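**Q** here you go, sequence then predicted model.
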Amino acid sequence: MSCLALLVEAQGPGTVGGGSPDVPSSPSTSVSGPAPLEPPTGKRLFGAALNLKSDSPTEFNTRIGQSASVFMFSMHIPPLNVSNNTPSPAPGAVGFGAGTDNLELIDETATDAYVHLSVFPRRGLDSQNFTQADIQRIVNTCAGFNARGRGVFLRFAPSMNTPWVRWGQQPSLFTVAWNNLHKALREHPEANQTALVWAPQEATGSPWPKGGSSSPAPGTANYDAINPKDPFQDPYAVYWPGDIYVDWVGLSVYYRGKQYPWTANGLPTVDAIADAIRGVNSVSKTDFYDRYAAQKGKPFMLAETAAVYLRNKTGSQAIPAGDPAEVATKRAWWSQYMAPTFTNSFPLLKMICLWDMQEEGEQAQSNLYLDYRVTNRTVNEFAADLKASQGSFIWGNATGFRTTYVPADAFKNPTLPPGPPSGPGPDDGNGSDNGGAASRLPQAAILAMFIVPFTSVGCWFAFAIFRFRRARRAAAAAALEAENAPPSPDNGSEKGDEGEDAAEVESVDDSATIVNVNATLDRSKHRSLDEVSLGQQSSHLSVDGHSSNSSNSSATGSLPRRSSSQIDRLDQIDIAIHPSTTSI
C-alpha cells in the first residue's frame, strides 16, 4: 500500500463526468528549452516531506547539516478544517501532518528553498467537489509565493493511477481538472515561477487489487481504461494530459519490505529504484523515464521516495526477529540515488524528495510502525553519506528572514510587483563543502553583536572630539579677534555706572587668583595702568567693562585714561597684594 493510502479515509468511487476539458488533452510536440525551475545539467535539487505537526524544515536542515533546496507541503481541497460533513482522516493522515496552515514554515528556514506543493482533492475530481473556485485558490497561492520571489513545484492530484486515494483511477476527470488548472495557472501574470508536476505512483502491481476507495466498477469507462485488453499497454498513458500542459514529470517510488503484505524487514536489491523507474517488475514493462522524461524532454523527479523499516508497536518497539539492522536496510536504498552511476543513468533526474516520516500500519500491518525516516536513528550515517556525495546536489541559499507566504493570497489576486529572481543554486556561499549558505546566518548574527556596540561607541567618541575641537577653534578665534581690536575710549562704563566696575573688582577671590598690577604713577599729571593679568589664563582685567591688552595701545604708547576713583581703587589693590614693593 502506498504512503498516500494513509492520507484520506476510503469513501468509494467518485462520480464520472464533468464535461470536456477546456484544452485538448492529446499529446503534442514538447516545448523546447528548460522547464520552469529546472536546475543545470548534472545538478539535482534535494528536499523532504515532513510530519509538520512535530517537525519542521528548519529542524530537518539542522539534522542533516545542509540547507535543503525544496520542502513538500500539502493543500487539501477542501481544507481539513472544514467541519460540515468532513470525514475523519485515516490514522496515517496524522503522519502526513501538512496543511496549508503550515506553509509559513518555509519562511522560517531563512533560505530560498522551493515549495513542493502537493494538492489533494480529497472529495474527488467531479465538478461538484472540485470547482473553479478551488482552482483559483490553488493558482493564487502559487502566485503569491512567486510574487514574493519563491518558486513552487505544483504537484496536482499525485498518485492519480492508484485506487487508494479519493481522486484515483478516474482518468477522464483527472485530465479535465488538470487542463483547467493549467489554463488558470498560465493566465495568471504573477504565477511565473510555478512548475506543474505530473507524478503518478510507479506501476509495479498496477492496476492493483479491486476494492480500493476509488476502484472503478466493471463495465464503466474508467474500468475499461485502466484494465486494457493488452496487458503490455502503458498504464500511465490514460492519465497523460498532453506534452505542452506538463512542465515536470515524477514518480513515487518506495521500498515496503520483503514481500506482500509487508510484515517483515528486508534489504532492497541493489537496483531497486532504477528497476521501479524502468518498469522492470511491472506487468507492462513500461520504462517511465524513457517514455515521459527522455522522449518528451521533461525534467524528472523522485517526487516521494524512502525505504520502510518495521517495528512492533508493543514493548520497546523491537524489530521482528531475524530482520536486518535499520541502517543496513535504509542505506541500501539511499546509496542508490546518491551514487554517481545512478545520476549518469538518469541525467534528467533533477530532484529527489524524501518521505521522512513514521506512520502507523493498517490491516495486516496494524501492529507495526512504518518508519520511513532517515533522520532518526540513522541520521549520522545518512548525513555523512550525503556530504560525501553532495557534489551533484543544489542547496538552498541564505536570504534572511522574509515573508513569502500570506494566507490571504489564496482568496484574491495578488497585485504585488514581481519578486526578484530567486531559488536554490550556485552562488559564492553555496559550495559543495558547506551545505549551502544558510550556515552563515548564525555567524553573521554573532559578528553583528560585536560590531554594532563598538561602532556606536566609536561614533560617540568621534562626535565628542569633533565638538571639543570646534569649541577650541572658536575660543582661539575669539581671542585673536580681541587682540586685534582697537582700544576702547575712556568714557567709563557702557552703562555709565562706575560703581558696578568697582564691585566687579572687589569680587575677585584673592586666594585663588594671582593678580599682577604694574602701575606707573605720575602724580603730577596722571596715572596709567599698564597691564592687569588675572590667573594662569592671562585674562586681562578691565575696570571700565572692556578687555584691554598692552598690545592694544596706540602708536604713541599711551593707554586709555581712567577716572580718579578707578585709579585710587587700583592703587589699593596693588598695595594689598604687594605691600613690600608698592610705594605711594
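**A** Great, that's in hand. Numbers count the residues shown, from 1 in each chain.
**Q** and the helices in the chain?
**A** Along the chain, counting by DSSP state H, helices occupy 57-64, 91-96, 132-147, 171-187, 221-226, 272-278, 288, 326-338, 340-345, 379-388, 440-483, 498-506, 564-577.
**Q** dump those helices into JSON lines; add mean neighbour count as well.
**A** Every C-beta, even on glycine, is put in place using the N, C-alpha and C of the backbone. JSON lines is the format used below for the helices of the chain (neighbours: other Cβ atoms under 10 Å):
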{"stretch": "helix 57-64", "mean neighbour count": "19"}
{"stretch": "helix 91-96", "mean neighbour count": "20"}
{"stretch": "helix 132-147", "mean neighbour count": "22"}
{"stretch": "helix 171-187", "mean neighbour count": "21"}
{"stretch": "helix 221-226", "mean neighbour count": "17"}
{"stretch": "helix 272-278", "mean neighbour count": "21"}
{"stretch": "helix 288", "mean neighbour count": "23"}
{"stretch": "helix 326-338", "mean neighbour count": "20"}
{"stretch": "helix 340-345", "mean neighbour count": "13"}
{"stretch": "helix 379-388", "mean neighbour count": "15"}
{"stretch": "helix 440-483", "mean neighbour count": "10"}
{"stretch": "helix 498-506", "mean neighbour count": "14"}
{"stretch": "helix 564-577", "mean neighbour count": "16"}
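**Q** tell me the contacts of Phe174?
**A** Going by Cβ atoms under 8 Å, 6 or more residues apart in numbering, Phe174 touches 125, 157, 160, 167, 239, 241.
**Q** how does it look with 7 Å?
**A** Contacts for Phe174 (Cβ atoms under 7 Å, 6 or more residues apart in numbering) come out as 125, 157, 160, 239.
**Q** isn't the first one up against Trp178?
**A** So the one you mean is Leu125. No. Under the criterion of Cβ atoms under 7 Å, Leu125 makes no contact with Trp178, lying 9.2 Å away.
**Q** mind checking which of the helices of the chain is nearest Asn397?
**A** For Asn397, the closest of these is helix 440-483, at 9.6 Å, according to Cβ to Cβ.
**Q** give the rounded mean pLDDT of the closest one.
**A** Average pLDDT, helix 440-483: 68.
**Q** do the same with stretch 213-225
**A** On average, stretch 213-225 scores 83.
**Q** returning to that earlier point: please convert the helices of the chain to TSV, extending it with distance to Asn367.
**A** Conversion of these to TSV gives the following (distance: least, Cβ to Cβ, whole Å):
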stretch	distance to Asn367
helix 57-64	29
helix 91-96	13
helix 132-147	38
helix 171-187	35
helix 221-226	32
helix 272-278	26
helix 288	34
helix 326-338	18
helix 340-345	35
helix 379-388	26
helix 440-483	44
helix 498-506	107
helix 564-577	113
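**Q** give me the below-cutoff pLDDT ranges for the stretch 101-250 of the chain.
**A** 101, 210-212 (pLDDT under 70).
**Q** how about the nearest residue to Met160, chain neighbours excluded?
**A** Nearest residue to Met160 in three dimensions, chain neighbours excluded: Phe174, at 5.0 Å (Cβ to Cβ, 6 or more residues apart in numbering).
**Q** relative to Tyr292, how far out is that neighbour?
**A** Distance, Phe174 to Tyr292, using Cβ to Cβ, to the nearest Å: 15 Å.
**Q** list phi and psi for Ser214.
**A** Phi and psi for Ser214, reported as degrees, to the nearest 10, are phi -120, psi 20.
**Q** quickly list what Arg311 is bridged to.
**A** When bridges are called by DSSP bridges, Arg311 pairs up with Tyr369.
**Q** tell me who's in contact with the nearest residue to Phe342 once chain neighbours are set aside.
**A** The shortest distance from Phe342 to any non-neighbouring residue, by Cβ to Cβ, 6+ apart, is to Gln336 (5.7 Å). Counting by Cβ under 7 Å, 6+ apart, Gln336 makes contact with 272-273, 342.
**Q** residue contacts, Tyr239?
**A** So Tyr239 contacts 160-161, 171, 174-175, 200 (Cβ under 7 Å, 6+ apart).
**Q** could you redo the last one with a cut-off of 8 Å?
**A** Listed by Cβ under 8 Å, 6+ apart, the contact partners of Tyr239 are 160-161, 171, 174-175, 198, 200.
**Q** also Ala293?
**A** Neighbouring residues of Ala293 by Cβ under 8 Å, 6+ apart: 249, 299-300, 346, 348.
**Q** any idea which of these is closest to Trp355?
**A** Phe300 (17.4 Å).
**Q** what is the closest one paired to in the beta sheet?
**A** Beta-bridge partners of Phe300, counted by DSSP bridges, are Val249, Leu349.
**Q** I figured it hits Leu348, correct?
**A** Yes. Using Cβ atoms under 8 Å, Phe300 is in contact with Leu348, at 4.7 Å.
**Q** find residues that contact each of these two.
**A** Shared contacts of Phe300 and Leu348, defined by Cβ under 8 Å, 6+ apart, are found at 289, 293.
**Q** between those two, who's got more neighbours?
**A** The neighbour count for Phe300 versus Leu348, taken as other Cβ atoms under 10 Å, is higher for Phe300 (22 against 18).
**Q** make CSV out of the contacts of Phe174 and add distance to Thr58.
**A** Output for those, formatted as CSV (distance: Cβ to Cβ, whole Å):
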residue, distance to Thr58
Leu125, 35
Ala157, 29
Met160, 32
Tyr239, 36
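**Q** so how do I select the buried members of those in ChimeraX?
**A** Buried residues among these (16 or more other Cβ atoms under 10 Å), as a ChimeraX selection:
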select :125,157,160,239
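**Q** widest-spaced pair of the contacts of Phe174?
**A** For the contacts of Phe174, and using Cβ to Cβ, no pair is farther apart than Leu125 and Tyr239, which are 11.5 Å apart.
**Q** show me the domain layout of the protein.
**A** 3-9+40-399+428-436, 498-577 (automatic domain parsing).
**Q** just those domains: most buried one?
**A** Mean neighbours per residue, mean count of other Cβ atoms under 10 Å, is largest over these for domain 3-9+40-399+428-436, with a mean of 20.
**Q** so which of the helices of the chain gets nearest Gly33?
**A** Closest among those, using Cβ to Cβ: helix 171-187, at 15.5 Å.
**Q** pretty sure Asp323 contacts Ala264?
**A** Yes. Contact status for Asp323 versus Ala264: in contact at 6.3 Å, counting by Cβ under 8 Å.
**Q** shared neighbours, these two?
**A** Leu310.
**Q** ok, so of the contacts of Phe174, who is nearest Val253?
**A** Of those, the one sitting nearest to Val253 (Cβ to Cβ) turns out to be Met160, at 15.8 Å.
**Q** might you report the residue contacts of that closest one?
**A** Going by Cβ under 8 Å, 6+ apart, Met160 touches 167-171, 174, 200, 239.
**Q** good, we can wrap up now.
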